[in-house]
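Asks: this is a predicted model, with the sequence first.
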Amino acid sequence: MTTPPDATGSNRTVSNKERMAVSRQRMPTRPADERAHTFDEVNTGLGHDEALIEAMRCLQCTRAWCVDACPVHVDIPAMLDRLADDDLVGAARSLLSDNALPCVTGRVCPQEIQCEGACPRGRRGEAVAIGHLERYLADWAADHPDLVEPATGVVPNGGSVAVVGSGPGGLTAAGELARTGHAVTVFEAFHVAGGVLSYGIPPFRLPRDVTAREVARLERLGVVVETNAVVGRTYDLDELRRDFDAVFLAVGAGLPVFLEIPGEDLKGVYSANEYLTRVNLMGAFGPDAETPVARGSRVAVVGGGNVAMDAVRTARRLGADDAVIVYRRTREELPARVEEVRHAEEEGVRFDFLVSPLEVLSDDDGWVRGLRCQRMVLGDPDESGRRRPVPVPNSQFECACDVVVEAVGTRANPLLTHSAPGIDLDGRGFIEVDDDGRTSLPGVFAGGDIVRGSATVILAMGDGKRSAAAIDAYLKGPQTWR
Amino acid sequence: MYPVRRREQLAPRVVELVVQAPRIAAKRKPGQFVIARLADGAERIPLTIADADSSAGTITLVIQSVGKSTADLCDIDVGDAIRDVAGPLGRPTDLLAAGHAACVGGGVGTAVVLPIARALSARGVTVTSIVGARTTSQLLLVDQLRELGEVQVCTDDGSEGHRGVVSDQLAVLCDSTQVDAVYAVGPVAMMRACADVTRPLRIPTTVSLNSIMVDGTGMCGGCRVRVDGQTRYACVDGPEFDGHQVDYDLLADRLTTYRTFEQEALDRRGACTPAGTTP
């Protein structure tokens, strides 16, 4: 049993050989058979001692590859140095100065392709569990706001910024701007802040109170969140440009993509957006839920990304005996995180690879009774470099199911951009920006999925942080544009 | 929070609420709606904006109690508040520029028709309203429509006005006089019947579709309808569409999706089945 260094400053005296001798601490999880029936969080978090031991595993590289690989550039070695010395206040302050939503990113970031993917320890053995440690510290900070957060407020600098959308990109920009003294108002169309963190990611990966606590911390920084405000309807962009010195658009992608196959309008066919919103945001999983959702005993989820994994694991928890991923490529091409796929399999989710749906089949009452599918085989690579699935002749078959969830991507929602005719869009309706998030309209910045299409929480946060810096510079400097 | 300033029982199971919502009152146009959530845990439900007073900062909602969520909203007292009201949502009505419009309201759909008729009248269009209900006590907003022009009343039981359905009365009107546009809002069967009357006459006919919604911003796709063979979202592309092109069978069927659930919720609430609720 390794013991954590206990005296402040002693982490610096630990040799690399000692660090290398410590193996990676495991994230404790609820047993799969238990968690497949509850929306409680799957990962239960490292304890204090495990966190300190894990932090000691960081080699404190002079050239910190992990920081470069982080879209919001958290100073990971500095944070872990303090954590290894049990300086929780210092470590948490370091983290919060770089990352506005660490409780979220510690849970949902794909660390294996970012910070941990760049960790030199991963080349021989296992990378430092940076995500687990971020989560540990962020949760501790949320439990101890009086110790971590500054006692006095930020001095206002006179600038005002409207942030449209309270998802990860918008909240990050809001936090960064509020810390530099700008008066920030966040406009959210739903009745609760968080965007995809509230309606999309299920509570078993990201409990609702985690997001709520992050939002509350931003509000203590002075951020004002205005809910039920649909920009494009309740307000239009010109009004925001008149009433604020700058605007950051982070409205997300927002429109579901359907397969456009026959039978999609049958009862029991959902977009992943609708299915997850009913369950996550509206709480349709509870016994006294007022918002309904069709609880199939056999649920087919079409798609292979993280949203598909969220939907299929949700279906299991809603009571589906058979919850299956229908994906037209193979396991190797699944865009979902490895951890999500593993968790899904542990929870009894079935995977049907190299299968493409052709039609949703109806029963006599207009409800789904199955999918007519065909088998696929991988052919030559397409323009994305992935091997293109092509149909196997005479391979059609029926897959029985009573609910179908389509998790095959999103498109740009034109609700906002239609109310702002002057803003430049690309051919698919996404907002065009420069490297700092500047749109074609002076004073208007944009980031996240309304710029990128479908991306991740942390990439949207990276956009929010970068645009916040650009907005700060724009408001403090000569107000030139592009 | 959105405080309720006034509450009036317009008919059995139909309540009019005047709600403080200044942002929406300032922006709303005829044809638009809000999504309301009564309290934490409650459902988000779309409701038509029947009227607004921008100087008082209020909007008027007309709500028919058909399920647990609408029943709870109808029971709210003056002074209490609705937790969330988002809007105005949907596209405003495409209003006839000049001429003669028939405004047809069935049941609580009359509350959708009233602001359209007012806007038409304000721009000089001649308005004839046709209002239908099962029986006299169910008739809505007839006096308000009468301020704008002629009103023809239809009841299923003949207790007031013509005995019969509004679509038959619309056929008579279109037969006897030049009608340049029809705005028909009510139960699916009624809108379909009105569209069937005007299609051969090639009279442009607008209907307002009350499909199932969650967010009201295009995000979920639950409100999808087929219009002219295309999938459209009632919340952002509508709620008003060309009545001659709507797939009414699909709309009616999708509206039954949660019928069992709604009945169970009502039973739990301790209410009896509302008489004559049509999707």
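Replies: Arrived safely, thanks for sending. Numbers count the residues shown, from 1 in each chain, chains lettered A, B, ... in the order given.

Asks: so what's whatever residue of the stretch 101-250 of chain B ends up closest to chain A closest to, chain neighbours aside?
Replies: When scored by CB to the nearest CB, the stretch 101-250 of chain B has B:Cys220 as its residue closest to chain A, at 3.7 Å. Placement of C-beta: from N, CA and C, glycine included. Using CB to CB, 6 or more residues apart in numbering or on different chains and skipping residues adjacent in sequence, the residue nearest B:Cys220 is A:Glu274, 3.7 Å away.

Asks: so which helix or strand takes in that neighbour?
Replies: A:Glu274 belongs to helix A:272-276 when assigned by DSSP states H and E.

Asks: which strand or helix spans A:Arg316?
Replies: Element membership for A:Arg316 (DSSP H and E) is helix A:306-317.

Asks: I'd like the mean pLDDT over that helix, please.
Replies: What helix A:306-317 shows for mean pLDDT is 96.

Asks: tell me where the model's unsure across the stretch 151-279 of chain B.
Replies: For the stretch 151-279 of chain B, the stretches with pLDDT under 70 are B:271-279.

Asks: would you mind listing what in the stretch 101-250 of chain B touches chain A?
Replies: Residues of the stretch 101-250 of chain B lying near chain A by CB under 8 Å from any CB of the partner chain: B:214-222, B:224, B:226, B:231, B:236, B:250.

Asks: repeat that for 7 Å
Replies: Contact residues, the stretch 101-250 of chain B versus chain A (CB under 7 Å from any CB of the partner chain): B:214-215, B:217-222, B:224, B:226, B:236, B:250.

Asks: among the residues you listed, name the ones in strands.
Replies: Secondary structure from DSSP state E places B:224, B:226 of these in strands.

Asks: now the two most distant members of the residues of the stretch 101-250 of chain B next to chain A.
Replies: Spanning the widest gap among those are B:Thr217 and B:Leu250, at 22.1 Å by CB to CB.

Asks: looking at those two, which one has more neighbours?
Replies: Higher neighbour count among B:Thr217 and B:Leu250: B:Thr217, with 25 against 17, using other CB atoms under 10 Å in any protein chain shown.

Asks: could you find the closest non-adjacent residue to B:Ala39?
Replies: Nearest residue to B:Ala39, sequence neighbours excluded (CB to CB, 6+ apart): B:Arg83, at 5.0 Å.

Asks: now do A:Arg220
Replies: Nearest in space to A:Arg220, with sequence neighbours left out and distances taken as CB to CB, 6+ apart, is A:Glu149 at 6.6 Å.

Asks: run a quick neighbour tally on that neighbour.
Replies: Using other CB under 10 Å, A:Glu149 has 14 neighbouring residues.

Asks: before we move on, what about A:Asp87?
Replies: Burial of A:Asp87 is recorded as 16 neighbouring residues (other CB under 10 Å).

Asks: one more: B:His244?
Replies: 18.

Asks: from what I see, it and B:Arg199 are in contact.
Replies: Yes: between B:His244 and B:Arg199 there is a contact under CB atoms under 7 Å: 4.9 Å.

Asks: mind checking pLDDT for the residue nearest to A:Arg220?
Replies: On the pLDDT scale, A:Glu149 is placed at 87.

Asks: picking that back up, so what's the residue of the stretch 101-250 of chain B closest to chain A up against?
Replies: Contacts for B:Cys220 (CB atoms under 7 Å, 6 or more residues apart in numbering or on different chains) come out as A:256, A:271, A:273-274, A:277, B:214.

Asks: at 6 Å what do you get?
Replies: By CB atoms under 6 Å, 6 or more residues apart in numbering or on different chains, the contact set of B:Cys220 is A:273-274, A:277, B:214.

Asks: need phi/psi at the nearest residue to A:Arg331 once chain neighbours are set aside.
Replies: Setting aside the residues directly before and after it, A:Arg331 is nearest to A:Phe353 in space (CB to CB, 6+ apart), at 6.0 Å. Backbone torsions of A:Phe353, given as degrees, to the nearest 10, read phi -90, psi 160.

Asks: kind regards, and thank you for your time.
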